[in-house]
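Peer 1: next one to model:
(chains A, B, C and D)
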2 protein chains.
Amino acid sequence: MESIFDVIAEPNRRAILSLLVSSDQSVGEIERRLRIPQPTVSKHLRVLRQGGFVESMVDAQRRLYRLKPESLQELDAWLAPFRRFWSARVDALERHLDRMEQSTQTKRKKTTRRRK
Amino acid sequence: MESIFDVIAEPNRRAILSLLVSSDQSVGEIERRLRIPQPTVSKHLRVLRQGGFVESMVDAQRRLYRLKPESLQELDAWLAPFRRFWSARVDALERHLDRMEQSTQTKRKKTTRRRK
DNA sequence: CACGCATATGCCTATAGGCGTATATAAAGG
DNA sequence: CCTTTATATACGCCTATAGGCATATGCGTG
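Peer 2: Modelled structure (predicted):
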């Protein structure tokens, strides 16, 4: 029912994903770091699990959660056509930025000229 | 108020974005192709505009909408850390192993730790 | 004036997310 | 065994908000 887009639309879930980038985390760790009540954390983790973003492994009484590439890659795939699109315009953008940079530099020259 | 994630969470808006990949479109064209009433289309277009996904240009009495890279690139940037994550540990071999693991499920507790 | 579009209004419905609380389960540890 | 610890899940309840629709109107332009 929930698309992968719905899954990552929720800020707390994105926060959890970000936590998991550096290393796997237990539910309790997530709970403490995000300061969210445990049932709520488990609820989000469930959504993330069913969405294919994470998986859990049993570690004693705890459960360690880790990222699963699947859905993240799916997102990446969705983005692909658009990526092709903007890379076509990058050249124009870069030329534009170059001009900006030039005018910024001239400006900075002017403003940093405080050295008598 | 609405994050870029909320913007693309809506199916119709994603449909609109997909339409715009191939070429710029007028509101009327979008309306006909998605079979959505005009006010609704305009509503979504507004969200997309404010989210930095599209921009409009006046063409006679019509308005042509075109993609704008900005927010799409932002999404891409958000995805970057995760991309690093999966490309580091998911090569063809591991993908294969993961499949084996899934089909044999609940066989092992701790997988070998591989840190990036 | 007729188009094409933006915006406003009103209304309705569904759903997500937050909270606290309670309970089941499984494993660790005494 | 019995008790913690750690987590999942289930309620119940409440609130906000999005999205759908129809309709109406304003506005700029050909």
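Peer 1: what about the residue of chain A found nearest DNA strand D, distance to DNA strand C?
Peer 2: Using CB to the nearest atom of the strand, the point where chain A gets nearest to DNA strand D is residue A:28, with a distance of 2.8 Å. C-betas here are computed from N, CA, C, even on glycine. From residue A:28 over to DNA strand C the distance is 13 Å, taken as CB to the nearest atom of the strand, to the nearest Å.
Peer 1: which residue packs closest to that residue, ignoring adjacent ones?
Peer 2: Of all residues not flanking residue A:28 in the chain, residue A:62 sits nearest, at 6.6 Å (CB to CB, 6 or more residues apart in numbering or on different chains).
Peer 1: one more: residue A:76?
Peer 2: Counting by CB to CB, 6+ apart, residue A:76 lies nearest to residue B:79, which is 5.9 Å off, once chain neighbours are set aside.
Peer 1: and the one you found, that one's in a helix?
Peer 2: Yes: under the criterion used here (DSSP: H, G, I helix; E, B strand; the rest coil), residue B:79 sits inside a helix.
Peer 1: in chain A, which spans are helices?
Peer 2: For chain A, the helices defined by DSSP state H cover A:4-9, A:11-22, A:27-34, A:38-50, A:69-111.
Peer 1: now mean neighbour count and mean pLDDT too, for these, in a markdown table please.
Peer 2: What follows is those, written out as a markdown table (neighbours: other CB atoms under 10 Å in any protein chain shown; pLDDT from 0 to 100):
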| stretch | mean neighbour count | mean pLDDT |
| --- | --- | --- |
| helix A:4-9 | 20 | 97 |
| helix A:11-22 | 16 | 96 |
| helix A:27-34 | 16 | 96 |
| helix A:38-50 | 16 | 97 |
| helix A:69-111 | 13 | 70 |
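Peer 1: ok, which of these comes nearest residue B:11?
Peer 2: With distances scored as CB to CB, the stretch of those nearest to residue B:11 is helix A:4-9 (8.3 Å).
Peer 1: show me the contact partners of that closest one.
Peer 2: Contacts to helix A:4-9, defined as CB atoms under 8 Å, 6 or more residues apart in numbering or on different chains, come from residues A:13-14, A:17, A:47-48, A:51-53, A:71, A:74-75, B:3, B:5-6, B:8-9, B:14.
Peer 1: can you narrow those residues to ones near DNA strand C?
Peer 2: residue A:47 (CB under 7 Å from any atom of the strand).
Peer 1: how far out from the middle of the chain is stretch A:31-45?
Peer 2: 19 Å (CA atoms, centre = their mean, to the nearest Å).
Peer 1: can you list the residues of chain A near chain B?
Peer 2: A:3, A:5-6, A:8-9, A:11, A:14, A:17-18, A:21, A:23, A:57-59, A:67, A:69, A:72-73, A:75-76, A:79, A:81-83, A:85-86, A:89, A:93 (CB under 8 Å from any CB of the partner chain).
Peer 1: keep only those of the residues you listed that are also close to DNA strand D.
Peer 2: Of the residues in those, proximity to DNA strand D by CB under 7 Å from any atom of the strand holds for none.
Peer 1: so who does residue A:86 touch?
Peer 2: Going by CB under 8 Å, 6+ apart, residue A:86 touches B:67, B:69, B:72-73.
Peer 1: need the pLDDT of the closest residue to residue A:11 other than its chain neighbours.
Peer 2: Excluding the flanking residues, the one nearest residue A:11 by CB to CB, 6+ apart is residue B:3, at 7.5 Å. Residue B:3 carries a pLDDT score of 95 in this model.
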